[in-house]
Structure formats: structure tokens, C-alpha cells
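Trainee: here are the coordinates; sequence isn't available:
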């Protein structure tokens, strides 16, 4: 039985300009100890999917229209506030994209770091501080006894991200959601952060949902990958299968966009056009307007995920018909 099972998740934003279908029918399972990558362009629905699971979608304008997210008998989308508080930050934790805006600039690191322990485990502040020091040391922050009392602005970007990881892992969660945790970091620090997440995952047998637009990161970190476009999953499979047997034209285009794979001195490949306006109905395939393989069927028929082989699915109509 999966640790987390998400079925038909739909999260819409109701605005004056229309209803934006940010997440439109997402399904996936997550096993204990597994790393699931969710990739796609900005606006594809990656972060909103996970914010929905954590109960962090602002309502209004956001609204979870349908679906379920079963975790240990609790539907995360329909549970009571008390149940949500018992899970969020304790059994399911999240590392946010920008640590500077996620950390309270008016509070010392020590107070923010030990807050989950005081709330969820009801331990004394001295004991919580001891655990906090151990957590900072575990994520590679030197001189933790002194630095734990610093304010966020006294840390560099990489150090703040390490603090965010320590906060997320201090309660030893069963699931860690990492929302593009290395986007704002340089390559050296990025590698250190990714290695740290893998190390902590092995020690805690923790499941990880890793949100990113960087396919290079996904290839070395994730067991399975889901590619999202316009609020839907367009291709899903084991990492090796998805990279070496790519089927959907959007996934192929993302791979062609990796700078390190470009010919030296040549023009970098970019996917033409822009993502569709999710406030308007899309009669056919949402990627058709940007796809070099689009045909008449793509303009009129809405695609659905279909299994190519065990553990690998994709939603391109022409691939399913054997035309490309």
C-alpha cells in the first residue's frame, strides 16, 4: 500500500478574470523511502499540487474542486484543522523555494528551528534547543552553538537553505516535499544541498517529493519522474525509462533545453511559444500550439495518460496511435 495516494486532484483559482485550472486531474502514488520528481516549466502546476497537499493554497481565491490524498487513513484534502496540524510539519514537512521569504526576519533562527518540536512533541525549550543544535550540525552548519542565535539576514543564501532543511527534518518526517530548494544557489552549494537531502533520506527512510524544472538534478536524485504541463501530468515513469525512452514531445523538448547537451558555441534550444491560458477551455492537447508534431487530432481531442509499458505512461495522442 502506498505511503501517499493522490487521486484526481483539481485545484482551481477563481479570479475576476476567470477560473484558472492550475491543477487539473493529477494522480500519483508515493512509496516509503522513494524519491518522486515533479518537473515542468513555471506555471505548470508543480508547486500548487504540493501546496494543495499541505493545505497551503489560499482560499479564496484557490479552491480544491475534487480529489483525494490519502495518507495513513487521512484524506489531506478533506481532513479537519486538528488532523492537518497533527500531520503538517510533523509527519509531512516542506522545504520552500526561497528561504529568505520563508524565514521570519524578526525571529532568531533558534526560535524558528525549535518551534515544530515544541508544538508537536511538547518538549521543553532546553531539550528542543539541544535537538536544534544537533539538526544544524547535521546539515553542515559550523559553530552551531553561536549561529543558532543569529537572525536570518546574518546567513548566506546557502546557509539559510540549510536552516530550512534542518527545520523540515527536525521532527523526522515520513514525507519531505522539496519545492525547488536549489534554484537560487550556485552549482557548488546546490550539489551539497542535494547530497544532504539524499543522506538524510537514507538515515530516516523518508519519502521525498522533489519539485524542479532542472532535469539534470532529477536524473541523479529521483527514482520516478512525473512531467507536468498546463496542470496535468503528460508523462510519468521510472527515471531511467523516462530519460532513455522519452515519448511525449514536451518531455523531449525539455531534454533538448538542457544547456549542457547543446553544441558548444551553438544557439541554445528553446521551446517555441508560451504555455496556454489556463482560464480558457483547451479543446485538444494543451501542448499542441507549441508542438512540432501536432496534427489535426491534437487540436480536437483531449489526451489521457496511457500505459506504454509497466511503470511508464504518457498522454501524446500521436504517440499512442504509433504515428511518431
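Mentor: Happy to help now that I have it. The structure presented is a predicted model; accordingly, all values stated were derived computationally and were not measured. Numbering: from 1, shown residues only.

Trainee: which SS class is residue 255?
Mentor: In three-state terms, and counting by DSSP: H, G, I helix; E, B strand; the rest coil, residue 255 is helix.

Trainee: and it, how many neighbours?
Mentor: 15 (other C-beta atoms under 10 Å). The C-beta positions use only the backbone N, C-alpha and C, and glycine is treated the same way.

Trainee: quick one: the closest residue to residue 230 other than its chain neighbours from residue 153, how far?
Mentor: Leaving aside its chain neighbours, residue 230 sits nearest to residue 286 (3.8 Å; criterion: C-beta to C-beta, 6 or more residues apart in numbering). Distance, residue 286 to residue 153, by C-beta to C-beta, to the nearest Å: 41 Å.

Trainee: find me the pLDDT at the residue nearest to residue 230, would you?
Mentor: pLDDT recorded at residue 286 is 92.

Trainee: just residue 199 next, same as before
Mentor: Residue 199 is assigned 85 on the pLDDT scale.

Trainee: for residue 138, see how far away it is.
Mentor: The gap separating residue 199 from residue 138 is 9 Å, by C-beta to C-beta.

Trainee: then residue 130?
Mentor: For residue 130 relative to residue 138 (C-beta to C-beta), the value is 13 Å.

Trainee: which one of these two has more residues nearby?
Mentor: Neighbour totals were compared for residue 130 and residue 138, and residue 138 leads with 18 against 14 (other C-beta under 10 Å).

Trainee: let me see the contact set for the more buried one.
Mentor: Contacts for residue 138 (C-beta atoms under 8 Å, 6 or more residues apart in numbering) come out as 166, 169, 200.

Trainee: number of nearby residues for the second one?
Mentor: Going back to what we said before, that points to residue 169. By other C-beta under 10 Å, the residues close to residue 169 number 23.

Trainee: equivalent analysis for residue 160, please.
Mentor: Residue 160, neighbours per other C-beta under 10 Å, totals 21.

Trainee: immediately after the host helix or strand of it, which helix or strand?
Mentor: If you go by DSSP states H and E, residue 160 is part of helix 157-169. Using DSSP H and E, the helix or strand that follows helix 157-169 in sequence is strand 175-179.

Trainee: and the helix or strand just after that following strand with helix 157-169, angle?
Mentor: Going down the chain from strand 175-179, the next helix or strand is helix 187-204, by DSSP H and E. Angle of helix 187-204 versus helix 157-169, following axes from the mean of the first three to the mean of the last three C-alpha atoms, to 10 degrees, is 10 degrees.

Trainee: now helix 187-204 against strand 175-179, angle please.
Mentor: Going by the same axes, to 10 degrees, helix 187-204 makes 170 degrees with strand 175-179.

Trainee: can you list contacts of the helix holding residue 160?
Mentor: For helix 157-169, the surrounding residues in contact (C-beta under 8 Å, 6+ apart) are 93-96, 99-100, 102-103, 109, 112-113, 116, 132, 135-136, 138-141, 152, 155, 176, 181-182, 184-186, 189, 192-193, 196-197, 200, 204, 206.

Trainee: just the buried residues of those residues.
Mentor: Buried members of the contacts of helix 157-169, scored by 16 or more other C-beta atoms under 10 Å, are 93-96, 99, 102-103, 109, 112-113, 116, 132, 135-136, 138-141, 152, 155, 176, 181-182, 184-185, 189, 192-193, 196-197, 200, 206.

Trainee: low-confidence stretches in the stretch 51-200 of the chain?
Mentor: Within the stretch 51-200 of the chain, the ranges that satisfy pLDDT under 70 run 99-100, 184-185.

Trainee: strands along this structure, start to end?
Mentor: 4-15, 18-30, 35-39, 62-71, 74-75, 92-95, 175-179, 207-212, 224-229, 232-238, 306-309, 312-314 (DSSP state E).

Trainee: can I get these in a markdown table including distance to residue 322?
Mentor: Shown next, in a markdown table, are the strands of the chain (distance: least, C-beta to C-beta, whole Å):
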| stretch | distance to residue 322 |
| --- | --- |
| strand 4-15 | 28 |
| strand 18-30 | 25 |
| strand 35-39 | 26 |
| strand 62-71 | 32 |
| strand 74-75 | 39 |
| strand 92-95 | 41 |
| strand 175-179 | 37 |
| strand 207-212 | 32 |
| strand 224-229 | 21 |
| strand 232-238 | 17 |
| strand 306-309 | 11 |
| strand 312-314 | 13 |
